[in-house]
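Undergrad: From the sequence below, what's the structure:
(2 chains)
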Amino acid sequence: MTTSDSLYLAHHFDDREQQREAMTLGMWVFLVTEIMFFGGMFLAYAVYRWRFPEGFAEGSKHLDMILGTVNTGLLLVSSFTVALAVHAAQSSRGKAVAWLFGITILFGLAFLGIKGYEYWHKFHEHLVPGPHFRLLDPHNPQVDSRQVEIFLSLYFAMTGLHAIHMMIGIGVFVVMIVLAWRGRFSSEHYAPVEVVGLYWHFVDIVWVFLYPLLYLI
Amino acid sequence: MITLGRKPHNYLNANYSPWSWLFSTDHKRVAILYLISITLFFFVGGATAVLFRLELMTPRGDLVISETYNKLFTMHGIIMVFFFLIPSIPAVLGNFLIPMMIGARDLAFPKLNLLSWYIYSIGGVFTIAALVSGGVDTGWTFYTPYSSTYSNTAVMTAALGIFITGFSSILTGLNFMVTTHTMRAPGMHWFRLPLFVWSNYATSLIMILGTPVLAISLLLVAVERFFRMGIFDPKLGGDPLLFQHLFWFYSHPAVYIMILPGMGVISEVITCFARKRVFGYEFIAFSSLAIAVLGFLVWGHHMFVSGQSMYAGMVFSFISMLVAVPSAIKVFNWTATLYKGSITLQTPMLYALGFIGLFTMGGLTGVFLATLAVDVQVHDTYFVVAHFHYIMVGGMVMAYLGGIHFWWPKMTGRLYPEWWGRVSAAMIFFGFNLTFYPQFILGYLGMPRRYHTYPEEFQVLNVMSSAGASLLGVGYLIPLGYLLWSLRYGRAAGDNPWRAKGLEWTTTSPPPTENFQVTPVVTEEAYAYSAEESEAEYQRQVEEFARGEETLEESRREL
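TA: Below you'll find the predicted structure:
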């Protein structure tokens, strides 16, 4: 085993290939658990949408489609910068990795900022489920406001959970920037960058499903 | 093995400071941490059972009021399911053995492994907090809308505890799965893996696919309880059945988390003490996967009387019966392995044979319950209670204890006292049957579960059950006593006291921190017990037994 081999190779792995394989597989398996985690909410969404179509149509009209679309764009671009970062790591350009992750963080923060604005707006319109919920000016006057409340409950639960995942991702990017700046990644050792990238793409894909289900019905 | 001079270096004597244990990423030390914590929870969960079995001695509620009784069985369920059974074999024996069985130095993610123990402990603290702050009365199933709206007990604390602990089991499953895929020693291809590894692999599949769904259902209960969002409460427009679907989508596969690893232990023990290759290796391996997969398609059989569609009920009933097929394959293959084997009845083997019998009973009564019409009669009665205790206690706990005895020499380097081992194994078997067999009859006669009073005519059977429970309790305390005793006074075990096959027996006992001095190369199938070898081994044991008789005779004469 040469010194370059033993650098960043954990003691229990035989070689770097094995380590990379384990890390990548580990992340894929983790993403499967995440699919199941979000899956429960998607099931709840499917059940109630099937049962209360009018309430869901009404609720969806109270979301800001323009902001949702802008956010979708932001996330898609951020996934692109992550893909570039993985490529940079594979070609041993550590500083580029750091910069690209920095840009990704900015996109992520912009997304969260817009999301926060949307939440704030809902709060002002009394559209946050709970004792203060009021459906003040419904597009469809026949709709049962409790159905709309369920839609908005799911909206907050699903986008909230998604936002928590983004915050975790942003936190991990900060650590990765520090490591990348110190030159920890190279064409020999880029598995961590790749794995974090997978995670971010996953968070992105969840949004790609949330956006049409919540904003576009 | 005779050691001269200083003791050889091993994972136990590598470092004695408490920090070296609490921050150890060595899979063997993490396994011991788990062993200690789940033992603690086992006895806490057992204590609640002692209280309600005492209450059920008489038809009237004279020891506790109904509210306390509800809290007792809830805690018993929560602790035994989430803090004992689910982590029992995977987190203790699996953690300790899987890397050694496949010839690796550690699991793929040692830090995640340690983290999983901390997550488990934090979840445990929340659950104990719920217990101390007045308890929970929803039953371990947390059915809505009772749990999300009406119950005034510490529901959220307990649910949070389970939510958190779920992540420890997700991490364990993830770690096992990646380890089995990427860390196998040269020559250890999939069909040379010990069946214990296969069954834990199938278990990991369930942990990974099921546990997140439980997490999200509890999260939704929390959301409903805190923010009054209507997700499950019909008064707020929600659907309580949705909770049952989500809950059982995890919790039914979870009962296979609570039995598959036990089946793995049985395959190891049976082959060793019958000195034979396992019969139908591939069938046993794939039946584990079949159980894991089918297990995800049968959750609706918990809801036959909850108002789901009749057609859904019929489909669920049919698929539930299909689960009996891979389970039966295992039982038949173990029996075929025993056939013409050179069987010796050491303690682990007694547990394994007990497992086969009790698991078969539990499994067959499961087919009763999967039958729609019968289920309507016995749903929510003691019949169900007896059925799943035959699987969980008669199956998993027996397998767990059998496994602990089997690998105790490897884990500690000491032998437990064989005579005491056999006595307590027999006692547990009889105590168990005395506790739970009467409950089949009680349930069939219509005694519902979760009540602290009952009509007078049920008293005889209930007293029998409580008497069995006390026998069972003593049966569990004895191994606790002699295993602790053996740590100091037990005979040194040597590397391979059972002359068993498998990589874990090729290294020293207790194993060194890195498991193997040299990465092993595997050249033969699992369980390569040969006929000649087993004949020689049989002779050796017969002679040893005869010598033992002689010594016994001598000591009698001396007296």
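Undergrad: pLDDT weak spots in the chain?
TA: Since no chain was named, I'll use chain A. Counting by pLDDT under 70, chain A has low-confidence residues at A:1-7.
Undergrad: Actually, chain B is the one I wanted.
TA: Across chain B, the ranges flagged by pLDDT under 70 are B:1-7, B:537, B:548-559.
Undergrad: Domain ranges for it, per the record?
TA: Following automatic domain parsing, one gets these domains for chain B: B:18-528, B:529-559.
Undergrad: wait, which of those domains is closest to chain A?
TA: Closest of the domains of chain B to chain A is domain B:18-528, at 3.4 Å (criterion: Cβ to the nearest Cβ). (Each C-beta comes from the backbone N, C-alpha and C, glycine too.)
Undergrad: In a helix, A:Met23, correct?
TA: Yes: according to DSSP: H, G, I helix; E, B strand; the rest coil, A:Met23 belongs to a helix.
Undergrad: Return the residues in contact with it.
TA: Counting by Cβ atoms under 8 Å, 6 or more residues apart in numbering or on different chains, A:Met23 touches A:Ala191, A:Pro192, A:Glu194, A:Val195.
Undergrad: go on, B:Met75?
TA: Taking Cβ under 8 Å, 6+ apart, we find B:Met75 in contact with B:Gly45, B:Thr48, B:Leu131, B:Gly135, B:Val136.
Undergrad: In PyMOL, how would I select the buried members of these?
TA: Here is the PyMOL selection string for the buried members of these, based on 16 or more other Cβ atoms under 10 Å in any protein chain shown:
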select buried, chain B and resi 45+48+131+135+136
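Undergrad: Would you mind giving the contacts of B:Met75 as a markdown table with distance to B:Cys272 and secondary structure added?
TA: Shown next, in a markdown table, are these (distance: Cβ to Cβ, whole Å; DSSP: H, G, I helix; E, B strand; the rest coil):
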| residue | distance to B:Cys272 | secondary structure |
| --- | --- | --- |
| B:Gly45 | 30 | helix |
| B:Thr48 | 36 | helix |
| B:Leu131 | 40 | helix |
| B:Gly135 | 43 | coil |
| B:Val136 | 42 | coil |
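Undergrad: And the contacts of B:Met75, which is closest to A:Glu118?
TA: B:Val136 (36.3 Å; Cβ to Cβ).
Undergrad: and the closest one, how far is that from B:Ala129?
TA: The gap separating B:Val136 from B:Ala129 is 11 Å, by Cβ to Cβ, to the nearest Å.
Undergrad: B:Ala292 too?
TA: Applying Cβ to Cβ, the value for B:Ala292 to B:Ala129 is 33 Å.
Undergrad: Looking only at neighbour counts, state which of these two leads.
TA: Counted by other Cβ atoms under 10 Å in any protein chain shown, B:Ala292 and B:Ala129 do not tie: B:Ala292 has more neighbours, with 24 against 14.
Undergrad: so the more buried one makes contact with B:Ser199?
TA: No: distance between B:Ala292 and B:Ser199: 9.2 Å, which falls outside the contact criterion (Cβ atoms under 8 Å).
Undergrad: Could you name every residue contacting both of the two?
TA: B:Leu260.
Undergrad: is it true that A:Gly197 lies in a helix?
TA: Yes: counting by three-state DSSP, A:Gly197 falls inside a helix.
Undergrad: what about it, neighbour count?
TA: A:Gly197, neighbours per other Cβ under 10 Å, totals 23.
Undergrad: Hmm, A:Ala85 and it touching each other?
TA: Yes: the pair formed by A:Gly197 and A:Ala85 meets the contact definition of Cβ under 8 Å, at 6.7 Å.
Undergrad: wait, B:Pro520 sits on B:Trp505?
TA: No: counting by Cβ under 8 Å, B:Pro520 stays clear of B:Trp505, with 11.3 Å between them.
Undergrad: Do any residues in the lengthiest helix in chain B lie close to chain A?
TA: Longest helix in chain B by number of residues (criterion: DSSP state H): helix B:195-227. Yes: shown here: helix B:195-227 in contact with chain A (Cβ under 8 Å from any Cβ of the partner chain) through B:208-213, B:215-217, B:219-220, B:223, B:227.
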